[in-house]
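In: Got a predicted structure plus its sequence, pasted below:
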Amino acid sequence: MQAGFAMLCAGSIRSINIKNIMLKNLLDACGGAIGYWSLGYAFAYGSENNSFIGSSNFFLGSVKDYTSGYDLAFFFFQWAFAATAATIVAGTVAERCKMVAYFVYSFALTAFIYPIVTRAVWAPQGWLGAFRTNGPSTTWCTTSQQEMGLCISGSFANNDGFYPSRLFGPGMIDFAGSGVVHLTGGTTAIVAAVILGPRIGRFKDEHGVKLISPNNMPAHSVILQVLGTFILWFGWYGFNPGSTLIQSTASSSYVAALAAVNTTLSAASGALASFALRWALSDSGLLDVTALTNGALSGLVAITAGCAVVWPWAAVVIGMFGGFLYIGFSNLLIKLRIDDAVDAIPVHFANGIWGCISVGLFASNTLVKKAYDYPTNSYAGWFYEWSAGCNRCGNGSLLAAQLVGVIFIIGWTVCLMTPLFWTLNQFGLFRVPKEEEQVGLDISHHGGSAVQLTKPTEEALAAHKRKSSTPHSPIPPP
Amino acid sequence: MSTCSVADQGNADAAINCLIAQQVKDHASLDTFYHIFAAALVFFMQAGFAMLCAGSVRAKNAKNIMLKNLLDACGAALGFYALGWGFAYGGADADVKTFIGDADFFLHQNADGHHAFFFQFAFAATAATIVAGTIAERCSMIAYLCYSTILTAFTYPIVAHAIWSKSGFLSAFNNDPIFGCGVVDFAGSGVVHLTGGMSALLAALVLGPRMGRFYDDNGEILNPPKEMPGHSTALQMLGTFILWTGWYGFNPGSTLGISYDGAAEVASLSAVTTTIAAASGCVTAMATRYFASDPLARQYDLTAAMNGALGGLVGITAGCSVVQPWAAVPIGAIAGLVYLGASNLLIMLRIDDTVDAVPVHMANGIWGLLAVGLFCDPNLKSNAYGSKHGGLFYGEGDLFGAQCLCILFICGWVTAIMGPFFVMLRKLGWFRVSTEDELVGLDISKHGGSAYELAQSKEGNKQAYNDFIKTAGDNTI
Amino acid sequence: MSTCSVADQGNADAAINCLIAQQVKDHASLDTFYHIFAAALVFFMQAGFAMLCAGSVRAKNAKNIMLKNLLDACGAALGFYALGWGFAYGGADADVKTFIGDADFFLHQNADGHHAFFFQFAFAATAATIVAGTIAERCSMIAYLCYSTILTAFTYPIVAHAIWSKSGFLSAFNNDPIFGCGVVDFAGSGVVHLTGGMSALLAALVLGPRMGRFYDDNGEILNPPKEMPGHSTALQMLGTFILWTGWYGFNPGSTLGISYDGAAEVASLSAVTTTIAAASGCVTAMATRYFASDPLARQYDLTAAMNGALGGLVGITAGCSVVQPWAAVPIGAIAGLVYLGASNLLIMLRIDDTVDAVPVHMANGIWGLLAVGLFCDPNLKSNAYGSKHGGLFYGEGDLFGAQCLCILFICGWVTAIMGPFFVMLRKLGWFRVSTEDELVGLDISKHGGSAYELAQSKEGNKQAYNDFIKTAGDNTI
């Protein structure tokens, strides 16, 4: 997927900054590997019984004997996710962010901020997630809450396999990371975009006067965008079905297959929905490729949280709404004059939120049981509770857990990223000087333009023609 | 994960039965994994087709073709989910023969077969996308949407049902297969490529050539026809390699599992024959084109090499699991020649195929089916299909007959459905973009601008550059 | 699928034996699947090399280099199928030592090992393709075809035989390995990359630099040499990422199976060390280049970053399964420095390497083999190879000796075969294209036109555009 992001970003920006954006993409894969290996993995999955942060296995230190390779494979898989979260931001701040700021932020993200989110949602010790198994099993509900079905008391729950310490009973379900990966990355992107400000000439003209209609800065290669989209879509089949983590029980293979189907359907409906909406909204019947590619990505992000716990029909609905949401949020950003070079915020931030919430609405109790081994007739999405499809669903408890998760992720990321970016900005380390921005970062930082289409010289053509001039020579005229 | 133990189960027999049950589950898991892996690779072929098409069209239509490629993946997903899967595989039963499936629409009853749906969807999307290249640069978007929905939701599923469903009347999986052997189309030379290629041919016939390709402005025949080379060979090459890689999901993946007896051998053999046929096709097509070119200015033709490799891949798709590795060499080599011949034939007939999809997919789809009837090794067929039938070269004719029947059926069925449909589109005036749009290029007329924005304002940029040079001395970081 | 049960088999013992037999088959299935999966990823590296090379050459030679990339995949498939596989792995026997395999040509006897062939073919194709980049923009097609056939059909198989076959005289899989430990080249820093890189160096030496690179028109030495930057950084970056992805088939896949005891751990460790080494190589190379550049105009050099990552990947390839994750950091970091050093050295020696393949593959191939001799952890070697031997840092010297011997053997063997061969090609005048062809670019002289057709006829287009604007009011869809 790194290749996908690199191509998508490269295709979406102006041709004067291609080298720069691609270098950033390569570097965050590298920085992510080192940051996550040295610190991040330990913070996220260290074995202590601390629900907020782990503190062991730095530098993979405790897997020396390799009696089980699963640890290492797990690290490898998690690294790929961390790098994805980091790379989301690259597109948004493209064409104007300094390299050093990029280093600092991507290390901070993979080494600390992202791991804390992962621990909360995905680690067995985490306080937020559905995997929590070894937290304190105290009964923290009041009797009246129990009667209302908002939570389940300890003794009753343990017999039935419930884990009362999970948040509101079900815990937050984020199967492959709409929240953990995309919302974290998307929130970082929005903070960065606000502090960094728009590109020169995007919303204001040379004299600082607001432009009535913002200046479009068109993508330099739609082909690279589409290539990037297809590679990302392909990579998502590792992202979503792969998140079953162990492909060896009958239900996990079922879950993986379902995840693959839902991923496909949601991407397709997201793409068509946003494409159709953009077409309907435009005066001239514009058939916009970017709406189609970003719509597909929106559908993918939106289904990421719920791919294992919703039925295919719900995937179509989720994707479609994701596509609409993308168009709406993209227009909103322009209204607010927040400049997002590749529309990463509508795709990852808005649909990250939607993905988390959609689980709270559409999750089926049957599938939650299969994917998370909850007891039969347990928690389900709000629509299922509403239709009384299960007899002990927790009155919106899953939806509530999802909302808490969304708020936590946004809050945590904003709280840490804002001071970081603000400090960078104060010290002048965040944004490149005006001259460099206007000339393009490829010339100012990377020794020349990324594309060199110089033709052979006239003399060379003439010499060649002399040599091979024959009656039927297929040489085109110079 | 296993919880079987003598202590838990009480006695040894019970533990053994528990282990056996676990093993069955393990097989299901492994097969599902294999399906997902193969389907993801096949899906990746969409990226390959997109790059190949993008590189093969002129720069002014690049956005348009990319849009079509992405749209048909989306359309195929929804169409195949809603109807196609049900028509193709719904209610399959090896004891009866039906023309069309009639159950499991919207994946309604499909509690355990999501992986199979996912794999088949990737195939349906491939069939749909083949046409995009042929009619590039002149087909309207609305016609494209209509056609790709019809193809994935109805035309293709009927073909898949006939040949791959247990209830299909040509199927080798039926209990009473046709001619006693049924049709051998392992990974879909016929089902996928011939169906897609035949549709492409019909579309090209009805749609007519691009302006200026065979006729000049006054309608006079151009001799020779005007070449309209693609705008980026790098993208074509990337597409070719992605397709080749994806084919390792397409062919070996068509064992539909890896755990049952013999599946692993069949899958390995498929991978090897696939490789060899592609290589032979590439070398043959390039060498033939080289020696056929003007002796004074011999040209190594990249397009021939790439399409030769793809032709070889299409040609081996039907037989990859039932022919010996040596047979992959002639199959691939002839596929390369078939591609060249068909490509020249199309030009002679003045049928305009922008990316040569008809020679690659249709002509070689036919050749692939025939090749099985010639080269099929009875022992290998027994491994892959459970019953022995050989090709003509092994002295048996039944299979060859079944393959010919299959070709006739696919061509006939696709023509019967898609032919009138395309003619109708044309009568309605929906099929082709306006002359002005075509000349200026679809990117500008339909998509708000060119696919590339390489030309910066020269003046502005020069000014910015000079400013930059002036201040560059003070720069750090 | 399983047919074992206590009832069917009559008694518990029979049922257990049946289960065990089934389990063996299951393992074979799983391993086959793993092979196919890894080989498909490795094959995908062909696309990576094609894109990297295409982006690194000047636009006027893009078609040429990509055709070479496609052809060597095809040549490798046919050459390795016909001869190479037999020379490398035919008739392997751990009790004897032979110099060359002598069985199983044309996959003759290879009834059950098709997956192994498929995997090894992908490796051979990689070795062949390394050279394409170095000699780009000036090597003739015929020379390229000859050389890539020789390399995959003979030179490379002998190296693979020596180090990876059970009968190889350097092999760690022989029952009486050299120095008691044999050479540890897990996934081929030596076998694949050093072989390819050494061939590239020899070819570059014999072929000479591109015109105008080190000497001006009058044969005077240029100082500094003329930079000939690649024409598309986007393609280079795409290639780099595809290669990195493919490496996850290359390194973890070299366990050659996932079901046997310890294979899963070894494969996981390989994936982790691969990642860390690539990242370290990239960061080190870029940072060093940055701090070595003119302080007033510091440049972040993309090429250094990309080749640093590739250098790190090559460097870890030999030892990915036998070093601790921490050791991957110095291995990768030093690989980044080795790349920079070798690249500068080549320029000083006026050896022209278009895509820096020699520093990346040859220099780091050597470093990869040496690194195993330094950092090899005895316990991890025991996991991967079944016997304990440590590197110098663990106080043992045998392995280091074996690694040095291996380097000498590969360099010597490749030089002995390829050196005279290249000199002969040069004497025959077949090696290099004519001066005119080189100057005008090979795309126009050999391939009928440029790889890109972005410039439309301005006049015609403007006319069409005006027409379009006039009628645009009437447009629908």
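Out: Cool, got the structure.
In: Buried residues of the helix of greatest length in chain A, list them for me.
Out: Criterion DSSP state H: the longest helix present in chain A is helix A:250-281. Buried positions in helix A:250-281, judged by neighbour count with 16 or more other Cβ atoms under 10 Å in any protein chain shown: A:250, A:252-279. C-beta here means a position set from N, CA and C on the backbone, and glycine is covered the same way.
In: Spit out the contact partners of residue B:311.
Out: For residue B:311, the contact set (Cβ atoms under 8 Å, 6 or more residues apart in numbering or on different chains) comprises B:281, B:285, B:335-336, B:338-339, B:359-360, B:363-364.
In: Wasn't residue A:27 part of a strand?
Out: No: judged by DSSP: H, G, I helix; E, B strand; the rest coil, residue A:27 forms no part of a strand; its state is helix.
In: Tell me how many other residues surround it.
Out: The number of residues packed near residue A:27 is 24, by other Cβ atoms under 10 Å in any protein chain shown.
In: I'd like the distance between it and residue C:237.
Out: 11 Å (Cβ to Cβ, to the nearest Å).
In: Confidence-wise, which helix or strand of chain B is lowest on average?
Out: helix B:458-471 (a mean of 50; mean pLDDT, DSSP states H and E).
In: now chain A
Out: When each helix and strand of chain A is scored by mean pLDDT, DSSP H and E, helix A:154-160 comes last, with a mean of 35.
In: what residue is smack in the middle of chain B?
Out: Against the mean C-alpha coordinate of chain B, by Cα atoms, centre = their mean, the closest residue is residue B:126 at 4.4 Å.
In: Could you pull up the contacting residues of that one?
Out: B:42, B:45-46, B:49, B:192, B:196, B:250.
In: Can you turn the buried part of these into a ChimeraX selection?
Out: Isolation of the buried members of the contacts of residue B:126 (16+ other Cβ under 10 Å) is achieved in ChimeraX through the command below:
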select /B:42,45,46,49,192,196,250
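In: taking the contacts of residue B:126 one by one, which sit in strands?
Out: Assignment to strands by DSSP state E places none of the contacts of residue B:126 there.
In: what subset of the contacts of residue B:126 is also close to chain A?
Out: Near chain A, judged by Cβ under 8 Å from any Cβ of the partner chain, the entries from the contacts of residue B:126 are residue B:46.
In: I'd like the contacts of residue B:126 written out as CSV, with pLDDT added.
Out: Below are these laid out as CSV (pLDDT from 0 to 100):
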residue, pLDDT
B:42, 86
B:45, 85
B:46, 84
B:49, 86
B:192, 93
B:196, 93
B:250, 88
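In: All the helices of the stretch 201-350 of chain B, in order from the start?
Out: Per DSSP state H, counting those that start in this stretch, the stretch 201-350 of chain B carries helices over the ranges B:233-253, B:263-292, B:302-317, B:325-348.
In: of all the ones you listed, which lies closest to residue C:31?
Out: helix B:263-292 (8.0 Å; Cβ to Cβ).
In: does any part of the closest one sit near chain C?
Out: Yes: Helix B:263-292 is in contact with chain C by Cβ under 8 Å from any Cβ, via B:263-265, B:267-269, B:271-272, B:275-276, B:278-280, B:282-283, B:286.
In: Turn the helices of the stretch 201-350 of chain B into a markdown table, including distance to residue A:95.
Out: Formatted as a markdown table, those follow (distance: least, Cβ to Cβ, whole Å):
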| stretch | distance to residue A:95 |
| --- | --- |
| helix B:233-253 | 24 |
| helix B:263-292 | 41 |
| helix B:302-317 | 35 |
| helix B:325-348 | 44 |
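In: of all the ones you listed, which gets the most neighbours per residue?
Out: helix B:302-317 (a mean of 31; mean count of other Cβ atoms under 10 Å in any protein chain shown).
In: tell me the domain boundaries of chain B?
Out: Per automatic domain parsing, the structural domains of chain B span B:6-432, B:440-477.
In: Could you identify which of those domains has the lowest mean pLDDT?
Out: Looking at those, the lowest mean pLDDT belongs to domain B:440-477 (a mean of 54).
In: follow-up on the earlier one: the residue nearest to the centre of chain B falls within a helix, correct?
Out: Yes: assigned with three-state DSSP, residue B:126 falls within a helix.
In: and the gap between it and residue B:328?
Out: Taken as Cβ to Cβ, the span from residue B:126 to residue B:328 is 21 Å.
In: List the contacts of the residue nearest to residue A:258 when sequence neighbours are not counted.
Out: Excluding the flanking residues, the one nearest residue A:258 by Cβ to Cβ, 6 or more residues apart in numbering or on different chains is residue B:114, at 4.8 Å. Residue B:114 makes contacts with A:254, A:257-258, A:260-261, A:312, B:107, as judged by Cβ under 8 Å, 6+ apart.
In: give me the residue from the stretch 101-250 of chain A nearest chain C.
Out: Residue nearest to chain C within the stretch 101-250 of chain A (Cβ to the nearest Cβ): residue A:224, separated by 6.1 Å.
In: can you pull the pLDDT of that residue?
Out: Reported pLDDT for residue A:224: 78.
In: where along chain B do the strands fall?
Out: Using DSSP E, strands in chain B do not occur.
In: where does the stretch 101-250 of chain B come near chain C, residue by residue?
Out: So far as Cβ under 8 Å from any Cβ goes, the stretch 101-250 of chain B lies against chain C at B:140-142, B:229-234, B:237-238, B:240-242, B:244-245, B:248-249.
In: How much space separates the residue nearest to the centre of chain B from residue B:358?
Out: 16 Å.
In: and what of residue B:228?
Out: For residue B:228, the distance to residue B:358 (Cβ to Cβ) stands at 16 Å.
In: Just want to know which of these two has more residues nearby.
Out: Legend: neighbour count by other Cβ under 10 Å for residue B:228 and residue B:358, higher for residue B:358 (31 against 17).
In: Verify the contact between the more buried one and residue B:199 for me.
Out: No: the criterion here is Cβ atoms under 8 Å, and residue B:358 misses it with residue B:199 at 9.8 Å.
In: Now do the shared contacts for residue A:27 and residue C:237.
Out: Between them, residue A:27 and residue C:237 share no contacting residue, judged by Cβ under 8 Å, 6+ apart.
In: Show me what from the stretch 301-450 of chain B comes close to chain C.
Out: B:301-302, B:305-306, B:309, B:325-326, B:329, B:434, B:436-437, B:439-441, B:444-445.
In: which of those residues lies closest to residue B:224?
Out: Among those, and counting by Cβ to Cβ, the member closest to residue B:224 is residue B:301, at 15.5 Å.
In: If you count contacts, what does the helix or strand hosting residue A:333 end up packed against?
Out: Using DSSP states H and E, residue A:333 sits within helix A:312-335. Under the contact criterion of 3 or more Cβ pairs under 8 Å, 6 or more residues apart in numbering or on different chains; DSSP states H and E, helix A:312-335 touches helix A:250-281, helix A:289-304, helix A:351-362.
In: repeat that for 10 Å
Out: Contacts defined by 3 or more Cβ pairs under 10 Å, 6 or more residues apart in numbering or on different chains; DSSP states H and E place helix A:312-335 against helix A:250-281, helix A:289-304, helix A:351-362, helix B:62-79.
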